[in-house]
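>>> curious how this folds, go ahead:
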Amino acid sequence: MTIYQVIREGILDRKALKRTADRIRKDYGIGYLLGSSTKIEASNSAGKGYLSYIQYLSPADGYSRATSERVPSLCPYATKGCTVGCLGRSAGRMRFTSVQQAQVKRTRLYIKDEAGYYAVLADEILRAKRKADRDGLQLSVRLNGTSDLIWENKAFHVLDTPFFNIFEAFPDVIFYDYTKIPLRHRQRAVTTQNYHLTYSYTGEDVSLERANEYLSIGVGVSVVYTGCQLTHVLTLFPGLKAIVDGDIHDMRFLDPQGSIVMLKAKGDAKRDRSGFVLHG
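Now for the predicted structure:
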């Protein structure tokens, strides 16, 4: 069942959910889970009829480093290059310590109180959906702003009401993410109607193989670059169908199938020499 059905049928009390979510935010010192960024703001200003939100958790091993608690990486296939140049550490608003502290608080909630985390997430998506509907827009949500979690495999409860995953709970919301996880682990994701993935190329030989696996089924691939890299990209991905400027907006679900998404290196990524960034 969807979250709308269980609210409509009285199985889930919307007011109780709001009260619970507000209490949890206060307990964990969280202002919100879903927010914005310069690029998300550009997406919302693009005039394409969408309202987008993004969630920033602590990237890779960032939570462990910040708290000295040993927990699994939130980006299990992170490379040295992408970790050093991660937007969660070194670019735009993410350079500010207060922003990184907010990431740690969100991640603490996610790790320590799964039921509480999903109560807050459900409450915020419901609020965002109401705003989108009021403005005549389609809601889109990117949960892995600085993480790479396999959301399609995460069943959860909201006030003791079970859901198969977040995409089934909110079938009228478009979800999208970038990922470095191999296709064999994301088969459910690429067949989920309201979830759109873009594979993030890392410059490694194995990553090129994984990128071409995704491209073969119509999933786009992002490439981080400096300078003009079209010749290099054409060499890496012969027969590609489309090249997209990924910096115009963040709504990757609007890209043609099998696109190469070009993203300019930002922050510390500009100095990367690991292969993650293509240099002109």
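>>> report how many residues lie close to the residue lying closest to residue 32 once chain neighbours are set aside.
Leaving aside its sequence neighbours, residue 32 sits nearest to residue 124 (C-beta to C-beta, 6 or more residues apart in numbering; 6.4 Å). C-beta here means a position set from N, CA and C on the backbone, and glycine is covered the same way. Per other C-beta atoms under 10 Å, the neighbour tally for residue 124 reads 19.
>>> mind giving me the packing neighbours of the strand or helix carrying residue 124?
In this assignment (DSSP states H and E), residue 124 forms part of helix 114-134. On a contact count with 3 or more C-beta pairs under 8 Å, 6 or more residues apart in numbering; DSSP states H and E, helix 114-134 meets helix 14-28, strand 34-35, strand 50-55, helix 97-112, strand 138-142, strand 156-158, helix 166-169.
>>> and the ones you listed, which one's lowest on average pLDDT?
Lowest mean pLDDT within those: helix 97-112, at a mean of 92.
>>> could you export that helix as CSV, CA atoms only?
This file holds the C-alpha atoms of helix 97-112, laid out as CSV (Å, rounded to 0.1, in the frame of the first residue of the first chain):
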residue,chain,number,x,y,z
THR,A,97,31.5,23.4,8.8
SER,A,98,27.9,24.0,9.9
VAL,A,99,26.7,22.3,6.8
GLN,A,100,28.9,19.3,7.5
GLN,A,101,27.7,19.2,11.1
ALA,A,102,24.1,19.1,9.8
GLN,A,103,25.1,16.1,7.6
VAL,A,104,26.5,14.3,10.7
LYS,A,105,23.3,14.9,12.6
ARG,A,106,21.1,13.5,9.8
THR,A,107,23.4,10.5,9.5
ARG,A,108,23.3,9.9,13.2
LEU,A,109,19.5,9.8,13.0
TYR,A,110,19.7,7.4,10.0
ILE,A,111,22.1,5.1,11.9
LYS,A,112,20.8,5.3,15.4
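>>> circling back to that earlier point, and the helix holding residue 124, how far out from the chain's middle?
Relative to its chain's centre, helix 114-134 lies at 16 Å (C-alpha atoms, centre = their mean, to the nearest Å).
>>> can you tell me what sits against it?
3, 14, 17-18, 20-21, 24-25, 27-28, 30, 32-34, 51, 53, 109-110, 138-139, 141, 156-159, 166, 169-170, 172-173 (C-beta atoms under 8 Å, 6 or more residues apart in numbering).
>>> buried sites along it?
By neighbour count with 16 or more other C-beta atoms under 10 Å, helix 114-134 contains the buried residues 116-126, 128-129, 132.
>>> please indicate which of the contacts of helix 114-134 are buried?
Neighbour counting by 16+ other C-beta under 10 Å classes 3, 14, 17, 20-21, 24-25, 28, 30, 33-34, 51, 53, 109-110, 138-139, 141, 156, 158-159, 166, 169-170, 173 among those as buried.
>>> still on that earlier bit, just want the angle from the helix holding residue 124 to helix 14-28.
Calculated by axes from the mean of the first three to the mean of the last three C-alpha atoms, to 10 degrees, helix 114-134 forms an angle of 120 degrees with helix 14-28.
>>> could you give the angle of helix 114-134 to strand 50-55?
Using the same axes, to 10 degrees: helix 114-134 against strand 50-55 is 160 degrees.
>>> I'd like the mean pLDDT over helix 114-134, please.
98.
>>> surely residue 158 touches residue 3?
Yes - counting by C-beta atoms under 8 Å, residue 3 is a contact partner of residue 158 at 7.0 Å.
>>> joint contacts of these two?
12, 122, 169.
>>> tell me the contacts of the last one?
Spelled out, that is residue 169. Applying C-beta under 8 Å, 6+ apart, the residues near residue 169 are 2-3, 122, 158, 163.
>>> now the first one
Each residue near residue 12 by C-beta under 8 Å, 6+ apart is listed here: 3, 6, 158-159, 161.
>>> what's the helix or strand for it?
Using DSSP H and E, residue 12 maps to neither a helix nor a strand.
>>> this completes my enquiry, with thanks.
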